[in-house]
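*Asks:* heads up, no residue letters with this:
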């Protein structure tokens, strides 16, 4: 750091808390094809205020020379859904100019080099990636929820003698909780015990890395360090909403000063018994100026806490949402097998919007309408596998209509 070096680090694999290791890098870098797993790297970037989250992309799409540019685009789009805005292709090895065709190969199959028949058309995919990333890199994260990663429960599991691979929420209750949030259109970043120390509640919102959040969700957690629960209580006292999916943790991890820490946990939790209910579906405790939700359906607790969701997922569309100074940018993707044409609801204060089709660079003003409930919808047409960028504005703007 003293010499100005910037480090990209693929921290996954280590049995440490991978979120913390990602956060230590200048550019956290992930890989794979699961948006939920990729959100570990992007979350670490977001909550620490880093501008770029990277991905080693298109690793092992298929055997050598069998992957198409369409296959590569599908994988790139998945990385965008995982919060990644800095793509690195994986599959190029140096081959001496005099080496007979096809030259030296990189083992991970996709050959992004002149020996591949798709090389003359590769600039088309690169232009697509550049257009999408120009939006994703010039905006900031716009996620509403911080999702706690219960690493101590994972560490407490008895193994089979083999070193497990730590690369995302897999193997913890955060996996199911994160998938539910994705499926239902809630935007979120993962948060670790260590990174939670940097979260503050200021001016009516949780703040981390210069970004604002509306609530913290704690999935079913058995073991939680006492300082972590104390931090959550302090945030609630300041005005935050803290949601426990399956109640409070039952114990503390580790053996050092165990009796004292258990006593501290019990004393703290004794002060947090639910005192409010809402139709028997949600129970919460008033803590200072905030609330700690202790029992109920997770989605109903989120709604009760005022956390919005993007109902566009109900139309089968996937998305990544970013913020700019006068609104939001949505990367919308049709991952289905049927074409989509219809009105897409936007959970934002929108007076006008523009559509940008990143494959062809077609762009124009979006058609908008208001529903009887006061929501705003944009008209979108997407072929299977196609994407579009929707840029919304809180003020009225005029321009040529999108065809």
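*Replies:* In hand now; what should we look at? Because the structure is a prediction, the values reported are computed rather than measured.

*Asks:* Give the next helix or strand downstream of the lengthiest helix in the chain.
*Replies:* Scanning the chain for the helix with the most residues, using DSSP state H, yields helix 122-137. Later in the chain than helix 122-137, the nearest helix or strand by DSSP states H and E is strand 140-141.

*Asks:* For that next one, name the packing helices and strands.
*Replies:* Under the contact definition 3 or more CB pairs under 8 Å, 6 or more residues apart in numbering; DSSP states H and E, strand 140-141 sits against strand 318-324. No exception for glycine: its C-beta is placed from N, CA and C like everyone else's.

*Asks:* So which bits of the strand it packs on are buried?
*Replies:* Buried positions in strand 318-324, judged by neighbour count with 16 or more other CB atoms under 10 Å: 318, 319, 320, 321, 322, 323.

*Asks:* try stretch 44-52
*Replies:* Buried, per 16+ other CB under 10 Å, within stretch 44-52: 44, 45, 46, 47, 48, 50, 52.

*Asks:* Give me the distance between the two termini of it.
*Replies:* 10 Å (CA to CA, to the nearest Å).

*Asks:* so where is the stretch 1-150 of the chain shaky, pLDDT-wise?
*Replies:* Within the stretch 1-150 of the chain, the segments meeting pLDDT under 70 span 1.

*Asks:* quick one on the thing from earlier: go through the longest helix of the chain and flag the buried ones.
*Replies:* Applying a neighbour-count criterion of 16+ other CB under 10 Å, one finds 122, 125, 128, 129, 131, 132, 133, 135, 136 buried in helix 122-137.

*Asks:* How about stretch 71-85?
*Replies:* For stretch 71-85, by 16+ other CB under 10 Å, it's 72-85.

*Asks:* Tell me how far it lies from the chain's centre.
*Replies:* Relative to the mean C-alpha coordinate of its chain, stretch 71-85 is positioned 12 Å out (CA atoms, centre = their mean, to the nearest Å).

*Asks:* nearest to residue 227, of the buried residues of stretch 71-85?
*Replies:* residue 83 (27.7 Å; CB to CB).

*Asks:* my read: the closest one touches residue 43, true?
*Replies:* Yes - between residue 83 and residue 43 there is a contact under CB atoms under 8 Å: 7.1 Å.

*Asks:* Identify the contacts common to those two.
*Replies:* residue 189 (CB atoms under 8 Å, 6 or more residues apart in numbering).

*Asks:* Residue 92 against residue 111, yeah?
*Replies:* Yes - contact between residue 92 and residue 111 holds when scored by CB under 8 Å: they sit 7.4 Å apart.

*Asks:* The two: which has the busier surroundings?
*Replies:* A direct count of neighbours by other CB atoms under 10 Å for residue 92 and residue 111 places residue 111 higher, at 23 against 14.

*Asks:* What backbone torsions are found at that one?
*Replies:* phi -100, psi 90 (degrees, to the nearest 10).

*Asks:* tell me the secondary structure for the residue nearest to it when sequence neighbours are not counted?
*Replies:* Using CB to CB, 6 or more residues apart in numbering and skipping the chain neighbours, the partner closest in space to residue 111 is residue 91 (5.7 Å). Assigned with DSSP: H, G, I helix; E, B strand; the rest coil, residue 91 falls in the coil class.

*Asks:* Now do residue 91: how many residues are near it, please.
*Replies:* 23.

*Asks:* That one: what's it in contact with?
*Replies:* Counted by CB under 8 Å, 6+ apart, residue 91 has contacts 58, 59, 106, 108, 109, 110, 111, 112, 113.

*Asks:* what's the spacing between it and residue 120?
*Replies:* To residue 120, residue 91 is 17 Å away according to CB to CB, to the nearest Å.

*Asks:* Walking through the stretch 151-300 of the chain, point out its strands one by one.
*Replies:* Per DSSP state E, counting those that start in this stretch, the stretch 151-300 of the chain carries strands over the ranges 188-191, 200-202, 205-208, 211-213, 215-218, 241-244, 276-278, 282-287, 290-296.

*Asks:* Pull the residues that contact the first one.
*Replies:* Residues external to strand 188-191 that are found in contact with it (CB under 8 Å, 6+ apart): 19, 39-40, 42-44, 46-47, 83, 141, 143-149, 169, 174, 178, 181, 199, 208, 213, 216-217.

*Asks:* Tell me the gap between it and the middle of its chain.
*Replies:* That offset, for strand 188-191, works out to 7 Å (CA atoms, centre = their mean).

*Asks:* next one: the fifth one
*Replies:* For strand 215-218, the gap between its own C-alpha mean and the chain's C-alpha mean amounts to 14 Å (CA atoms, centre = their mean).

*Asks:* I'd like to check what contacts that strand. Which residues are they?
*Replies:* Applying CB under 8 Å, 6+ apart, the external contacts of strand 215-218 come out as 144-148, 150, 177, 181, 188, 191, 199, 206, 232, 235, 240-245, 298, 302, 305, 307.

*Asks:* Tell me who's in contact with the closest residue to residue 169 other than its chain neighbours.
*Replies:* Closest residue in space to residue 169, ignoring its immediate chain neighbours: residue 175 at 4.2 Å, by CB to CB, 6+ apart. By CB under 8 Å, 6+ apart, the residues touching residue 175 are 36, 168, 169.
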